[in-house]
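S.K.: sequence plus the predicted model coming up.
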Amino acid sequence: MALRFFLWVGRLFQIRTGFEAGIIIYALALGAALRGQAYLVKYPGTLGTWLYIACLLAVLIAGGAIVDGIRRFNPESTRLARVRSLARRGRDQRRRGPSHRFCGQGQSGFHQSRGKFGSKAGRAI
């Protein structure tokens, strides 16, 4: 009975969607901005500014970790995004044809000629 209760409480602290992550990151940013303002008042000048910047950068790092955790927690969404990008890439290649993937002679807009020092350098038309 107690184990079931702890599992139920534990599920309340899991961040599963991007919306929940956004709310948490917003709350972290709000707290960091208030803490940074307190640092600006307590330590005027350069030190207060550096501490304010450090507070905001900590939120960026924490937010990145939260978003990465959501991607790892929900692998189906990343798998679905990868399948969509592969399908899109295949559709675009069929539409353009093979001539756009490899530039043949005369398609690149550069002449291949020997440069000043004998190297093969592309010279604009």
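M.R.: That came through fine.

S.K.: for the chain, what spans make up the strands?
M.R.: Along the chain, counting by DSSP state E, strands occupy 110-114, 120-124.

S.K.: what's the average pLDDT for the first one?
M.R.: Pointing back at strand 110-114 there. Average pLDDT, strand 110-114: 54.

S.K.: show me the contacts for Tyr39.
M.R.: By CB atoms under 8 Å, 6 or more residues apart in numbering, the residues touching Tyr39 are Gly48, Leu51, Tyr52, Cys55. (Glycine included, C-beta is placed from N, CA and C.)

S.K.: now, among those residues, which is nearest to Phe5?
M.R.: Nearest to Phe5 out of these is Cys55 (CB to CB; 36.3 Å).

S.K.: touching, the closest one and Arg35? I think so.
M.R.: Yes: taking contacts as CB atoms under 8 Å, Cys55 lies within contact range of Arg35: 5.2 Å.

S.K.: of these two, which one has the most company?
M.R.: Using other CB atoms under 10 Å, the more surrounded residue of Cys55 and Arg35 is Cys55, with 20 against 16.

S.K.: who are the packing partners of the top helix by length along the chain?
M.R.: Longest helix in the chain by number of residues (criterion: DSSP state H): helix 46-73. If you count contacts as 3 or more CB pairs under 8 Å, 6 or more residues apart in numbering; DSSP states H and E, helix 46-73 packs onto helix 18-42.

S.K.: what is the mean pLDDT for the helix it packs on?
M.R.: Average pLDDT, helix 18-42: 94.

S.K.: can you give me the angle that helix makes with helix 46-73?
M.R.: Going by axes from the mean of the first three to the mean of the last three CA atoms, to 10 degrees, helix 18-42 is angled at 170 degrees with respect to helix 46-73.

S.K.: same question for helix 18-42: list its buried residues.
M.R.: For helix 18-42, the neighbour count (16 or more other CB atoms under 10 Å) marks Ala21, Ile25, Leu28, Ala29, Ala32, Arg35, Gly36, Tyr39 as buried.
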